[in-house]
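Student: A structural model of the following input is requested.
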Amino acid sequence: MEESTCSSTILEKLKQHGWDEAAIIAYVNYSEEGILDCDLAIFLVGSEIYTEMFDKSQLSANEKVMLVIDHLGGYLNEQGDLTFAKTAYKFCDQLPPGGPFFIHYAKAVQTAYPDGLTIAQKDKRLSKIALKKKYANETKIHQFRNQLDKCAINYVENYKKRFECSNDEAAIKRILGNNWFYADPQYHNRARLAIDIMVNDRKKRAKTLTNKGLIKKIRKHGFYRKILSGDYHSEFILDEQGQLLSQCKEDVEAQGELENAIANGETFNYGERPRVDQYQTHDKLDGNPPRYFDTNKRNELKREWISPTDNWFYQLVRRLAEKGLRYKKKEN
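Tutor: The predicted model follows:
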């Protein structure tokens, strides 16, 4: 390996941080081209050089997936929730939704877990905390979606301020260009039992909202729309004012919307778009894991928040919302 233009200290540090020879060669080649200051950019997850090293690395897919979380200081706390210690690494603030790193990372997760984030049948009897600790890597990977969301949300918020966009929706559509689409937001339009709806607004057997319950929800909060990036990985939940509903937004707690955002907000998708994916990676990696690997807070909230019933009425409400109809009752 040619090391003449690279700091031996940096090379040693890369080895200590878990990178293999193939990734380090990618760093050396990049450094010699003088494209950017590699010594700084290698610590920015999602930067051009970090993505190149991730892509060129010969580590197994599982090792690569965990390496990123380790770089950012990820560990499970006593409750089995993913927490981060301070390290030399942080997300690159120039990583847009739809960016290459998101695609490469999602593909690595798909390769590492072709059958999904599964657990043994006998372990389903374990407590939520015990289960998350036994399946520590699966839990970290599942909950890491929130950090990937946060990266995309921060980019949108900064873009909106920089270019003085009218709202989050305008910023998202400018960032993605024509490479976005609306998707079904059924599980992002939950209503809170005993606050937004009453017990008789819930279907007893299905445990979903009646049509009347959905009307109550949208008159109080409006109908939330879901936009997905063209690669299917980054998603955004928008209220009727075109603003993001996200636990990652700085002002969400001050607005009293944190619990609503946790229950109804976005979730990064490791899987591919179902209609073009014969392997059903979305169900395996994104749809099934939440019941086992969610944070304690989200597990608590899910008992109180009820999703709409997917029927003709709900789909009509959805399609009209995407066309521009707004349902929230105006405040006097």
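Student: how near is residue 107 to residue 32?
Tutor: 28 Å (Cβ to Cβ, to the nearest Å). To be clear about C-beta, it is placed using only N, CA and C from the backbone, and glycine gets the same treatment.
Student: Looking only at neighbour counts, state which of those two leads.
Tutor: A count of neighbours by other Cβ atoms under 10 Å puts residue 107 above the other of residue 107 and residue 32, at 17 against 13.
Student: pLDDT wise, what is the more buried one at?
Tutor: Per-residue pLDDT puts residue 107 at 99.
Student: could you say which helix or strand contains it?
Tutor: Assigned by DSSP states H and E, residue 107 belongs to helix 100-112.
Student: May I see the buried residues of that helix?
Tutor: 100, 101, 102, 103, 105, 106, 107, 108, 109, 110, 112 (16 or more other Cβ atoms under 10 Å).
Student: Settle this for me: the fourth one is touching residue 231, isn't it.
Tutor: Yes. At 5.5 Å, residue 103 counts as touching residue 231 under the criterion of Cβ atoms under 8 Å.
Student: Can you pull out the low-pLDDT segments for the stretch 151-300 of the chain?
Tutor: Counting by pLDDT under 70, not a single residue of the stretch 151-300 of the chain qualifies.
Student: Try it again at 80.
Tutor: Residue ranges of the stretch 151-300 of the chain with pLDDT under 80: 253-255.
Student: Would you map the helices across it?
Tutor: Along the stretch 151-300 of the chain, counting by DSSP state H, counting those that start in this stretch, helices occupy 168-176, 211-221, 258-264, 281-282, 290-293, 296-302.
Student: Against which helices or strands is the shortest one packed?
Tutor: For helix 281-282, there is no helix or strand it packs on, judged by 3 or more Cβ pairs under 8 Å, 6 or more residues apart in numbering; DSSP states H and E.
Student: now do the last one
Tutor: With contacts defined as 3+ Cβ pairs under 8 Å, 6+ apart, helix 296-302 has these neighbours: helix 128-134, helix 258-264.
Student: Kindly compare burial across those and name the winner.
Tutor: Among these, ranked by average contacts under mean count of other Cβ atoms under 10 Å, first place goes to helix 258-264 (a mean of 21).
Student: which residues sit against stretch 144-156?
Tutor: 46, 68-69, 72, 74, 82, 84, 91, 93-97, 102, 105, 168, 171-172, 175, 233-234, 236, 244, 246-249, 265-270, 286 (Cβ atoms under 8 Å, 6 or more residues apart in numbering).
Student: Residue 12: helix or strand, and which one exactly?
Tutor: Judged by DSSP H and E, residue 12 forms part of helix 8-16.
Student: Packing partners of that helix?
Tutor: Checked by 3+ Cβ pairs under 8 Å, 6+ apart, helix 8-16 has helix 21-33 packed alongside it.
Student: List every C-alpha atom in the very next helix or strand once past the helix it packs on, with coordinates, as CSV.
Tutor: Next in sequence after helix 21-33, counting helices and strands by DSSP H and E, comes helix 38-41. What follows is helix 38-41, C-alpha atoms only, in CSV (Å, rounded to 0.1, in the frame of the first residue of the first chain):
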residue,chain,number,x,y,z
CYS,A,38,-9.7,13.3,3.9
ASP,A,39,-8.3,13.6,7.4
LEU,A,40,-11.5,15.4,8.4
ALA,A,41,-14.1,13.9,6.1
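Student: Can you spell out which helices and strands pack onto helix 38-41?
Tutor: helix 21-33, helix 48-56.
Student: Not counting the shortest one itself, show me its contacts.
Tutor: Just to be clear, that refers to helix 48-56. 19, 22-27, 30, 35-36, 38, 41-44, 64, 68, 92, 100-101, 104-105, 108.
Student: neighbours of residue 275, just the number please.
Tutor: 7.
Student: Same check on the one 5 residues further on?
Tutor: Per other Cβ under 10 Å, the neighbour tally for residue 280 reads 14.
Student: now do residue 144
Tutor: With other Cβ under 10 Å as criterion, residue 144 counts 22.
Student: What does the pLDDT read for it?
Tutor: 99.
Student: Which secondary structure state does the residue nearest to residue 219 when sequence neighbours are not counted sit in?
Tutor: Spatial nearest neighbour of residue 219, chain neighbours left out: residue 329 (4.7 Å); criterion: Cβ to Cβ, 6 or more residues apart in numbering. Under DSSP: H, G, I helix; E, B strand; the rest coil, residue 329 falls in the coil class.
Student: give me phi/psi at residue 329?
Tutor: phi -70, psi 130 (degrees, to the nearest 10).
Student: Tell me, how many residues neighbour it?
Tutor: By other Cβ under 10 Å, the residues close to residue 329 number 10.
Student: out of the helices and strands packed on helix 38-41, deepest packed?
Tutor: helix 48-56 (a mean of 21).
Student: Check which element follows that helix along the chain.
Tutor: Next along from helix 48-56, by DSSP H and E: helix 61-71.
Student: now that next one against helix 100-112, angle please.
Tutor: 130 degrees (axes from the mean of the first three to the mean of the last three Cα atoms, to 10 degrees).
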